[in-house]
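K.L.:
Generate coordinates for the sequence data below:
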Amino acid sequence: MSKGPVLIELDESDVIAPDAAPPVPEEGETGAAMQTAAHLAARRGSRLARWFWASLVALVGFAASVAAYDFVIGLLDRSPVLGMVALGLIGIFCLVLLLIALRELAALLRLRRVDRLQSRAADALADGSLSTARAVTDGLLALYKDREDTAWGRSAFTDRQGEVMDADGLLGLAETAMLEPLDKRARQEVEAAARRVATVTAVVPLAFADIFTALSANIAMIRRIAEIYGGRSGALGSWRLTRSVLTHLVATGAVAVGDDLVGSVAGGGVLSKVSRRFGEGVINGALTARVGVAAMEVCRPLPFGSVPRPTVSGLVKRSLTGLFSRA
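P.N.:
Take a look at the predicted model:
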């Protein structure tokens, strides 16, 4: 018995026309890599975790010390010459560790020095105290006295500071003479970091490559900005500074894609004309620029006043213009 074709009749109400089909949902660009990196860096570990790592480091250090002591004593018993050589090498290693610790302490003190200048400058502007402003400018001159790139600015400020008789004018003169060239270098660092993060996000399809790049690029950017403004930081100081900047941004909700940020980057719907990966790269680059502006505010010895505060949209336009062009 041959089987013929089977005809299935459909109700007209079940037929969906193409123009009546619901649109495919689109996942917008949210800068997920930058937001994840910021939350990872700003997240504070629990007290139990801190005690765990502290006790682990203490245990490993104690075990290493006992092993080194036994090693040296054993060599001294077997061969005094070899024992003295081992003792000397261990002494050199401990001396290097001490120098590293002193360098980290000096870096933390430099960061604290910049923080004090910034807080005293804010007090001078709030109170209008000329004496406090002069103390701040004297501290700024002492901070930059050994730097050749600020020699012209320091000379110009010294020649004109006697003409200014109010706190606002004195700090404004110091800002334009000594800090404006440093602001330019800091903006260049922010633009380079934003360009790097945007490029890696757009062209590297690996799952965690964009998060790692965003975190490492932002840490390096914040460290370079601190160095530019005179607060050179070591490893501990750099991580502490990075956490301070990103914690502030996360707490204030600044590491998020707001309408103002998307508008400045999109430029009237440009993001909808490129691929989603490219759009995510642009957003991550813009969020990196936002972190850079916050780092400039944290690391700068004087708050922005006479010199305008850099805008995220301006930094993004200079750093990403032409990066995702049609060509």
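K.L.:
Give me the residue ranges of the stretch 101-250 of the chain where confidence is low.
P.N.:
Low-confidence segments of the stretch 101-250 of the chain (pLDDT under 70): 205-207, 232-237, 246-250.
K.L.:
in it, which spans are strands?
P.N.:
Here the stretch 101-250 of the chain has no strands by DSSP state E, counting those that start in this stretch.
K.L.:
can you give me the helices for it?
P.N.:
130-143, 151-160, 167-174, 180-203, 209-228, 235-252 (DSSP state H, counting those that start in this stretch).
K.L.:
what's the closest of these to residue 316?
P.N.:
Among these, the nearest to residue 316 by Cβ to Cβ is helix 180-203 (6.6 Å). C-beta here means a position set from N, CA and C on the backbone, and glycine is covered the same way.
K.L.:
Just the CA coordinates for the closest one, please, in PDB.
P.N.:
Taking Å, rounded to 0.1, in the frame of the first residue of the first chain, the C-alpha atoms of helix 180-203 are listed here in PDB:
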ATOM      1  CA  GLU A 180      49.200  72.400  33.100                       C
ATOM      2  CA  PRO A 181      52.200  70.700  31.300                       C
ATOM      3  CA  LEU A 182      51.800  67.700  33.600                       C
ATOM      4  CA  ASP A 183      48.100  67.600  32.800                       C
ATOM      5  CA  LYS A 184      48.900  67.300  29.100                       C
ATOM      6  CA  ARG A 185      51.100  64.200  29.800                       C
ATOM      7  CA  ALA A 186      48.500  62.700  32.000                       C
ATOM      8  CA  ARG A 187      45.800  63.100  29.400                       C
ATOM      9  CA  GLN A 188      48.100  61.400  26.900                       C
ATOM     10  CA  GLU A 189      48.400  58.400  29.300                       C
ATOM     11  CA  VAL A 190      44.700  58.200  29.600                       C
ATOM     12  CA  GLU A 191      44.100  58.300  25.900                       C
ATOM     13  CA  ALA A 192      46.700  55.600  25.300                       C
ATOM     14  CA  ALA A 193      45.100  53.300  27.900                       C
ATOM     15  CA  ALA A 194      41.600  53.900  26.500                       C
ATOM     16  CA  ARG A 195      42.900  53.100  23.000                       C
ATOM     17  CA  ARG A 196      44.600  49.900  24.200                       C
ATOM     18  CA  VAL A 197      41.500  48.600  26.100                       C
ATOM     19  CA  ALA A 198      39.200  49.400  23.200                       C
ATOM     20  CA  THR A 199      41.500  47.700  20.600                       C
ATOM     21  CA  VAL A 200      41.900  44.500  22.600                       C
ATOM     22  CA  THR A 201      38.200  44.300  23.400                       C
ATOM     23  CA  ALA A 202      37.300  44.700  19.700                       C
ATOM     24  CA  VAL A 203      39.800  42.300  18.100                       C
END
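K.L.:
on that earlier part again, residue 112: which of the helices of the stretch 101-250 of the chain is closest?
P.N.:
helix 235-252 (9.6 Å).
K.L.:
Can you report how many residues lie near residue 156?
P.N.:
Other residues lying near residue 156 total 14 when counted by other Cβ atoms under 10 Å.
K.L.:
let me redo that: residue 181
P.N.:
Neighbours of residue 181 (other Cβ under 10 Å): 15.
K.L.:
One more: residue 86?
P.N.:
18.
K.L.:
didn't it look like it was pressed against residue 75?
P.N.:
Yes - counting by Cβ atoms under 8 Å, residue 86 touches residue 75, with 5.1 Å between them.
K.L.:
Mutual contacts of these two, please.
P.N.:
Taking Cβ atoms under 8 Å, 6 or more residues apart in numbering as the criterion, residue 86 and residue 75 do not both touch any residue.
K.L.:
For residue 69, see how far away residue 92 is.
P.N.:
16 Å (Cβ to Cβ, to the nearest Å).
K.L.:
and the gap between the closest residue to residue 196 other than its chain neighbours and residue 176?
P.N.:
Sequence neighbours aside, residue 217 is the residue nearest to residue 196 in space, at 5.2 Å (criterion: Cβ to Cβ, 6 or more residues apart in numbering). Going from residue 217 to residue 176 by Cβ to Cβ gives 30 Å.
K.L.:
higher neighbour count, those two?
P.N.:
residue 217 (23 against 17).
K.L.:
who's in contact with that one?
P.N.:
Contacts of residue 217 (Cβ under 8 Å, 6+ apart): 193, 196-197, 288.
K.L.:
Show the buried residues in those.
P.N.:
193, 196-197, 288 (16 or more other Cβ atoms under 10 Å).
K.L.:
could I get those as JSON lines with distance to residue 315?
P.N.:
Shown next, in JSON lines, are these (distance: Cβ to Cβ, whole Å):
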{"residue": "193", "distance to residue 315": "10"}
{"residue": "196", "distance to residue 315": "13"}
{"residue": "197", "distance to residue 315": "12"}
{"residue": "288", "distance to residue 315": "9"}
